[in-house]
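>>> need a structure here:
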Amino acid sequence: MTEQKDGKRVLEKNDNGTLGHRRRLLLAAVLLCAGVLGALSLGALAQQPGPSAAVSAPTDAVLPPSTASAIPSAAPEPTPVPAPALDFSLPAPETGAVEDDWFSDAVFLGDSRSDGLRLYSGIRGADFLAYKSLMVFQVTGTGGVDAKAIPKNGVGDKKTALAWLEEKQYGKVYVMFGINELGYGDDQAFQDAFALLIDEIRVRQPEAVIYIQSLIPVEPEKAHQMNPAAWLNNENVANYNEILRRVCADKRAVYVDVQSVMADDSGTLPAESTTDGIHFTRSWYEKWYGYLKTHTVDPEAYRAGQGQAEGTEA
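Residues are numbered from 1 along each chain as shown. Model (predicted):
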């Protein structure tokens with residue numbers, strides 16, 4: 001029994017020793033695992049980047065340029081180029097042909113030749129203050145001659161040409177006088193009357209471009225059959241045209257050299273162009289009208305020329 005007891009006791013002692021040893025091993029394993037896990041955690045923390053100076057002190061961000069500045073601005077409007085000033089010492093230059101309605105705001109002053117332009121050239125829309133044997137003196141009421149009342153466009157009531165010009169504003173005023181004045185025998189009176197006429201037109205038509213047409217030559221043989229007067233000749237016509245050019249340069253009106261297309265190289269009206277040496281056939285009236293359509297001036301250049309001349313005078 002005793003041995004058994006002793007053996008039992010020994011056995012129990014051995015068992016207790018074994019269990020204690022196992023507990024110590026288990027505890028050591030647990031502690032070891034905890035240590036490993038702790039080391040791993042510390043290592044992970046050590047690998048995380050700490051706050052840097054750049055992060056802790058942020059700088060201003062560079063923003064992209066505004067989209068509004070990327071939109072191109074509209075191109076500036078070009079500065080208008082003023083029309084060159086017209087030189088009134090020169091005839092109206094050749095230009096491209098205007099349309100027929102260009103004359104819808106025009107008025108023509110003249111004698112029976114101008115009335116023929118109304119009747120036979122094909123012109124439409126213009127007004128005509130033209131009458132048989134009308135002279136510039138009968139428009140201005142100078143030179144010892146009274147102003148004459150005439151109808152507009154050949155029919156209806158009669159008024160003086162200047163009175164008609166007070167009733168309607170035009171963009172262009174065309175003038176041709178001289179064939180009847182050749183027999184007046186006073187060049188200075190003719191020049192003064194034309195200068196006065198331009199002034200009177202400008203008072204009544206301040207916005208209009210004034211065109212002074214040259215006197216058209218005659219065909220001497222036929223003209224003398226109709227009127228044998230010695231003064232009816234092309235030398236006197238040429239003299240009057242020089243007077244008209246001087247008046248245009250002085251008064252700043254447009255000189256239209258119509259005779260250059262109506263006469264031949266010798267300055268004579270061709271025989272085939274006229275029935276009586278003074279008035280024209282239909283085709284020659286059409287030629288006259290065609291010349292007017294290709295010899296116009298820019299109103300701005302016209303006004304610039306007037307302003308330039310006024311500045312020179314000042």
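>>> From residue 113, how far out is the residue nearest to residue 241 when sequence neighbours are not counted?
The shortest distance from residue 241 to any non-neighbouring residue, by C-beta to C-beta, 6 or more residues apart in numbering, is to residue 214 (4.9 Å). Heads up, the C-betas are built off the backbone N, CA and C, glycines and all. Distance, residue 214 to residue 113, using C-beta to C-beta, to the nearest Å: 12 Å.
>>> before we move on, what about residue 294?
20 Å.
>>> Between the two, which has more neighbouring residues?
With neighbours defined as other C-beta atoms under 10 Å, residue 294 and residue 113 compare such that residue 113 has more, 22 against 14.
>>> I'd say that one and residue 278 touch.
Yes - using C-beta atoms under 8 Å, residue 113 makes contact with residue 278 at a distance of 7.5 Å.
>>> Quick check: the residue nearest to residue 241 touching residue 254?
No - using C-beta under 8 Å, residue 214 makes no contact with residue 254, being 11.3 Å away.
>>> Sketch out the helices for the stretch 101-250 of the chain, chain order is fine.
Using DSSP state H, counting those that start in this stretch, the helices found in the stretch 101-250 of the chain span residues 112-120, 137-140, 161-165, 187-204, 220-226, 234-251.
>>> okay, those, which one's buried deepest?
helix 137-140 (a mean of 24; mean count of other C-beta atoms under 10 Å).
>>> Output the contacting helices and strands for that one.
Contacts defined by 3 or more C-beta pairs under 8 Å, 6 or more residues apart in numbering; DSSP states H and E place helix 137-140 against helix 161-165, helix 187-204.
>>> So what touches it?
For helix 137-140, contacts defined as C-beta atoms under 8 Å, 6 or more residues apart in numbering pick out 109, 143-148, 160-162, 177, 181, 184, 189, 193, 196-197, 200.
>>> distance between it and the chain's centre?
38 Å (C-alpha atoms, centre = their mean, to the nearest Å).
>>> and what of stretch 263-279?
With C-alpha atoms, centre = their mean as the basis, stretch 263-279 stands 40 Å off its chain's centre.
>>> who touches both of residue 214 and residue 113?
By C-beta under 8 Å, 6+ apart, the residues touching both residue 214 and residue 113 are residue 176.
>>> how far away is the residue nearest to residue 234 when sequence neighbours are not counted from residue 255?
Using C-beta to C-beta, 6+ apart and skipping the chain neighbours, the partner closest in space to residue 234 is residue 217 (4.6 Å). Using C-beta to C-beta, residue 217 is found at 16 Å from residue 255.
>>> before we move on, what about residue 194?
Counting by C-beta to C-beta - residue 194 and residue 255 are separated by 11 Å.
>>> Touching both of the two, which residues are there?
212, 244.
>>> coming back round to it: more neighbours, residue 217 and residue 255?
Taking neighbours as other C-beta under 10 Å, residue 217 and residue 255 compare with residue 217 leading, 26 against 22.
>>> Could you verify my assumption that the more buried one touches residue 268?
Yes - Residue 217 is within contact range of residue 268, at 5.7 Å (criterion: C-beta under 8 Å).
>>> Spell out which residues are contacts of both of the two.
residue 234.
>>> Tell me how many other residues crowd the closest residue to residue 136 other than its chain neighbours.
Among residues not flanking residue 136 along the chain, residue 177 sits closest, at 4.1 Å (C-beta to C-beta, 6+ apart). A count of neighbours around residue 177, defined by other C-beta under 10 Å, yields 27.
>>> for residue 132, same thing?
11.
>>> Show the model's pLDDT score for it.
Note for residue 132: predicted pLDDT of 97.
>>> and it, what is it in contact with?
Residues in contact with residue 132 (C-beta under 8 Å, 6+ apart) are 111-112, 115.
>>> try 6 Å
Taking C-beta atoms under 6 Å, 6 or more residues apart in numbering as the contact definition, residue 132 lies against residue 112.
>>> What of the one 4 residues further on?
For residue 136, the residues meeting the contact criterion (C-beta under 6 Å, 6+ apart) are 177, 193-194, 197.
>>> let's go with 8 Å and repeat that
Applying C-beta under 8 Å, 6+ apart, the residues near residue 136 are 177-178, 181, 190, 193-194, 197.
>>> Distance of the residue nearest to residue 241 relative to residue 260?
Distance from residue 214 to residue 260, by C-beta to C-beta: 8 Å.
>>> So between those two, which is more surrounded?
residue 214 (24 against 13).
>>> show me what contacts that one?
176, 241, 244, 255-260.
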